[in-house]
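Trainee: Attaching a predicted model along with its sequence, questions to come.
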Amino acid sequence: MSALKIKKGSTSHSAYELRDPNADIVERHTLACIVENEPGVLARVIGLFSGRGYNIESLTVAEIDHTGHMSRITVVTTGTPAVIDQIKAQLGRIVPVHEVHDLTVEGPSVERELGLFKVSGKGDQRVEALRLADIFRANVVDSTLESFIFEITGTPEKIDAFADLMRPLGLQEVARTGVAALSRGAI
């Protein structure tokens, strides 16, 4: 039977204290990948996440350079610092990926999301839905005698807050784009 030997004067009394104190901290990171716009690239990026059990909270992709055939994939994910580092390293090894940026650590960035909300109701609920939409600067993009479709842009937290307030007023359906993000400043 072996025992952990503690040096005289050592303050550590347990092998558990040798663990990295940040190992269990889960962080939210926004990653921006510049990739070649070709078939299968998105599937390979998603496969990296699903194959290793990493979660994707938000995913957006669109072509950003028509002549150069380049697209931008923005992924919001969570994980420990070690997991985030591993995700970034593995994304960088995928051949059609040209750049990987962690907007969370590279400095200030701007994140926005678009949400469409179908809210049905009559009377006071309808009036309250319109009042709240005005406070949140949401636009009415469709209206019938029994429902509205609101369009709102903002941070994911703003979109969540709007949804929470619309639920008791007759929220029927939600469509969200996912996060689009850019770093602030010249470069």
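Mentor: Looks like it came in fine.

Trainee: The closest residue to residue 152 other than its chain neighbours: how many residues sit nearby?
Mentor: Nearest non-adjacent residue to residue 152, counting by C-beta to C-beta, 6 or more residues apart in numbering: residue 138, 3.9 Å away. Just so you know, the C-beta spots here come from the backbone N, C-alpha and C atoms, and that holds for glycine as well. Using other C-beta atoms under 10 Å, residue 138 has 25 other residues around it.

Trainee: ok, residue 138 - contacts?
Mentor: 117, 150, 151, 152, 162 (C-beta atoms under 8 Å, 6 or more residues apart in numbering).

Trainee: go again using 7 Å as the cut-off
Mentor: Applying C-beta atoms under 7 Å, 6 or more residues apart in numbering to residue 138 gives the contacts 150, 151, 152, 162.

Trainee: go on, residue 54?
Mentor: 77, 79, 83, 87.

Trainee: Pretty sure it sits in a helix.
Mentor: No. Read with DSSP: H, G, I helix; E, B strand; the rest coil, residue 54 is coil and lies in no helix.

Trainee: From residue 103, how far off is the residue nearest the centre of the chain?
Mentor: For the chain, residue 76 is the residue whose C-alpha lies nearest the centre (C-alpha atoms, centre = their mean; 3.0 Å). According to C-beta to C-beta, to the nearest Å, residue 76 and residue 103 sit 10 Å apart.

Trainee: intersection of neighbour lists for these two?
Mentor: residue 30.
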